[in-house]
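**Q** Let me see the structure of the following:
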Amino acid sequence: MTQLKRTVGVGGAVLLGLGSIVGTGIFVSLPIAYSTAGAFALPAVLVAAGVAMCNGLSSAQLAAAHPVSGGTYEYAYRLMSGRAGFTAGWMFLVAKSASAATAALGFSTYLLQPFHEADNRWAVTGLSLGVVAALTLLVLSGLRRSNWLNALLVCVTVGSLLLFVGAGLPRTLSAPGEPFFNGGVPALLESCALLFVAFTGYGRIATMGEEITNPGRNIPRAVIVTLAVSALLYLSVAFVLVAYPTKPSQAIEWLTLQQQAEAFGVGWIPRAIGVGAMVAMLGVLLNLVLGLSRVWLAMGRRGDMPRVLARVNASGTTPVPAVILTGLVIAGLVLIGDVKKTWSFSAFTVLVYYAFTNASALLLPREQRRYPAWIGVAGLASCLFLAFWVEWQVWAIGLGLIAFGLVWHAAAGSLFRRVSGEQRITNNQLPISNEAADSQHKG
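**A** As a prediction, the model looks like this:
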C-alpha cells in the first residue's frame, strides 16, 4: 500500500504550516534583515508576505489539482518537463539543506549568547556540527515528529514570541527610539529576498496533499490562514525591533532577539526568548533532516539520483543512505560558519524553486485553475526578480549549481534511469509520508 490516508483537517494543516514557518525565519531571518536594512525591514515583511501569498495560492491550486506528496518536484515533472522537475527538486534540496545549516548555526548562536561566546566562530561551528550529528543519529534510530509534538513546539515558539512582543510593545509606545535606516533600496530588496524564505513553510501544507481531507477546499484555506497568522506575528516582532532599536554588535553581524530583549530590562525575558528560539530551531532541523531524506529517496526512486538512496532499512521505516547523505550535506554547509551566508544561499535557491511552482501553476488546465493567472505571473516575476538581490557571490554559486544539476540530470539518464521503472517501488521501499512534506521548509 502506497496511498496515504486523509486524516488532517484545516486546523491540523494550519498548525503544521505554522510549525514549518515560525522557526529559523523569525529568529534568524528577521534579525538579519533588520541588521541589513534597519527600519526597512518592516516594509520588507509586507513585500515578502505578498510574494509568499502569490506563491502560496499557486501551490494550493497545484496541490488541489494534484494531491500527491512531493511538491513542485512532482508538479513540474507532470506539467513542464523532466528537466524542469529535476531542477526544482535539486534547488529544493540545496535550499532546505542551507536552511537546515542555518537552523543549526542559529541554535548554537542563541545557546552561546548568555556565555558571551556567540562571536566565537569555532565554538558556534563545532556545536552546530554536534547538533546535526545528534539529530541525524536520532532520525536513523527511527525518530519521528508527531502531530502532537509539532503542536507543542508551535505553542512554545509562538509563546516566546508573544512574550517578546508583549514586553517590548509597551516600551516602544512609551519611549520609542529613533529608527535607523541602512543601505537604501538595495538593502530593502535584499531584505525582501531574505524574509521571503521565512514564509515558505506554507509549502508543508501543499506537499501533504495525500493526507488532507477534502484537499480542493481545505488546502487553499489552510495556506491563506497560515500566511495571515504568520505575517501578523512577523509584523508585530518587526515593529518592536524597528520602534525600539538596538544596533547589532560588531562581533555578531546580526542582532538576535535575545540581545534585543536584554534592552527591555527584565532579566528572565531574554532567557525565555532564547529557549523559544532553540526549541524552534531544533524542531526545524529535525523536520528538515526527515523531509530532505525523503526527497533524496524520491529522487533515487525516479532515477534522478543514485538508486542506493532509495534503499530503506529492514523494517521499511527509514531510508538509511538518504538520511546519512542528508546529515553530511548539512554538516558541509555548517562549515561555512556564517549564518547570513547560509540563509542567503537558501533565499536564492528557494526563490528559484518557487519560480517553478508559479510556472507550473500557469500551465494548469483552465478548469483546474482556482485563481486568476496574474497571481502566478506576479509570483513568478517576483521570485526571479528578488533572487538576484542577495549577495552576488551567492547567486553566482547558485547559477553554477543549477548548471551542475542539469549536467548531472543528463548523465543520470544513462547511469540510473536505465533500470526498469518496475523497480522504483518494491516491498522494501518506504512510501513518501508526511515527513516528505516537511521538505517544504520550516522557515
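
**Q** Only C-alpha atoms from now on, for both contacts and neighbour counts.
**A** Will do.

**Q** Tell me the secondary structure at Leu138.
**A** helix (DSSP: H, G, I helix; E, B strand; the rest coil).

**Q** how many other residues sit next to it?
**A** Look at Leu138: counted by other CA atoms under 10 Å, it has 14 neighbours.

**Q** now swap in the one 4 residues further on and tell me
**A** When counting by other CA under 10 Å, one arrives at 14 neighbours for Gly142.

**Q** and the gap between Asp304 and Val329?
**A** Going from Asp304 to Val329 by CA to CA, to the nearest Å gives 17 Å.

**Q** and the host helix or strand of Arg294, what does it pack onto?
**A** Per DSSP states H and E, Arg294 falls inside helix 268-302. With contacts taken as 3 or more CA pairs under 8 Å, 6 or more residues apart in numbering; DSSP states H and E, helix 268-302 sits against helix 24, helix 82-112, helix 121-140, helix 147-174, helix 257-262, helix 320-334, helix 434-437.

**Q** Switch these over to CSV, and while doing so, append distance to Gln368 to every line.
**A** Listed next are the helices and strands packed on helix 268-302 as CSV, based on distance: least, CA to CA, whole Å:
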stretch, distance to Gln368
helix 24, 34
helix 82-112, 20
helix 121-140, 38
helix 147-174, 30
helix 257-262, 43
helix 320-334, 34
helix 434-437, 22
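
**Q** Mean neighbour count, these: which tops it?
**A** The highest mean neighbour count among the helices and strands packed on helix 268-302, using mean count of other CA atoms under 10 Å, belongs to helix 24: a mean of 31.

**Q** got the contact list for that helix?
**A** By CA atoms under 8 Å, 6 or more residues apart in numbering, the residues outside helix 24 that reach it are 99, 102-103, 106, 198, 277, 280-281, 284, 442-443.

**Q** Show the subsequent helix or strand relative to that helix.
**A** Once helix 24 ends, the next helix or strand along the chain (criterion: DSSP H and E) is helix 30-37.

**Q** In CSV: the contacts of helix 24, plus distance to Gly85 and pLDDT.
**A** What follows is these, written out as CSV (distance: CA to CA, whole Å; pLDDT from 0 to 100):
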residue, distance to Gly85, pLDDT
Ser99, 21, 90
Thr102, 26, 92
Ala103, 27, 91
Gly106, 31, 90
Ala198, 23, 87
Ala277, 34, 88
Ala280, 31, 86
Met281, 29, 88
Val284, 25, 83
Lys442, 21, 45
Gly443, 22, 50
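
**Q** for those residues, which one is nearest Gly9?
**A** Among those, Lys442 lies closest to Gly9 (CA to CA), at 19.6 Å.

**Q** Show me the shaky parts of the stretch 151-300 of the chain.
**A** Applying pLDDT under 70 to the stretch 151-300 of the chain flags residues 175-177, 203-204, 206-211, 216, 245-255.

**Q** got the contact list for Pro43?
**A** By CA under 8 Å, 6+ apart, Pro43 has no neighbours at all.

**Q** mind checking which helix or strand it is in?
**A** Secondary structure from DSSP H and E places Pro43 in helix 41-65.

**Q** Any idea how far that helix is from the middle of the chain?
**A** Distance of helix 41-65 from the chain centroid (CA atoms, centre = their mean, to the nearest Å) equals 13 Å.

**Q** Pull out the buried positions in it.
**A** For helix 41-65, the neighbour count (16 or more other CA atoms under 10 Å) marks 41-42, 44-65 as buried.

**Q** quick check: angle from it to helix 30-37?
**A** Interaxial angle, helix 41-65 versus helix 30-37 (axes from the mean of the first three to the mean of the last three CA atoms, to 10 degrees): 130 degrees.

**Q** Which of the helices and strands packed on helix 268-302 sits closest to Leu386?
**A** Leu386 lies closest to helix 82-112 among the helices and strands packed on helix 268-302, at 15.1 Å (CA to CA).

**Q** tell me what the closest one is packed against?
**A** helix 24, helix 72-79, helix 121-140, helix 268-302, helix 320-334, helix 339-362, helix 392-415.

**Q** Mind doing that once more with 6 Å?
**A** helix 72-79, helix 121-140, helix 268-302, helix 320-334, helix 339-362 (3 or more CA pairs under 6 Å, 6 or more residues apart in numbering; DSSP states H and E).

**Q** Quick one: neighbours of Met278, just the number.
**A** Residues near Met278, counting by other CA under 10 Å, number 24.

**Q** what about the stretch 301-443 of the chain, any weak spots by pLDDT?
**A** Along the stretch 301-443 of the chain, the parts satisfying pLDDT under 70 run over 316-317, 413-443.

**Q** What separation do you get for Leu30 and Phe404?
**A** Separation of Leu30 from Phe404 (CA to CA): 31 Å.

**Q** Between the two, tell me which one has more neighbours.
**A** When neighbours are counted by other CA under 10 Å, Leu30 and Phe404 differ, and Leu30 comes out ahead with 29 against 11.

**Q** Please name the spatially closest residue to Lys341 (chain neighbours excluded).
**A** Once flanking residues are discounted, Lys341 sits nearest to Val394: 7.6 Å by CA to CA, 6 or more residues apart in numbering.
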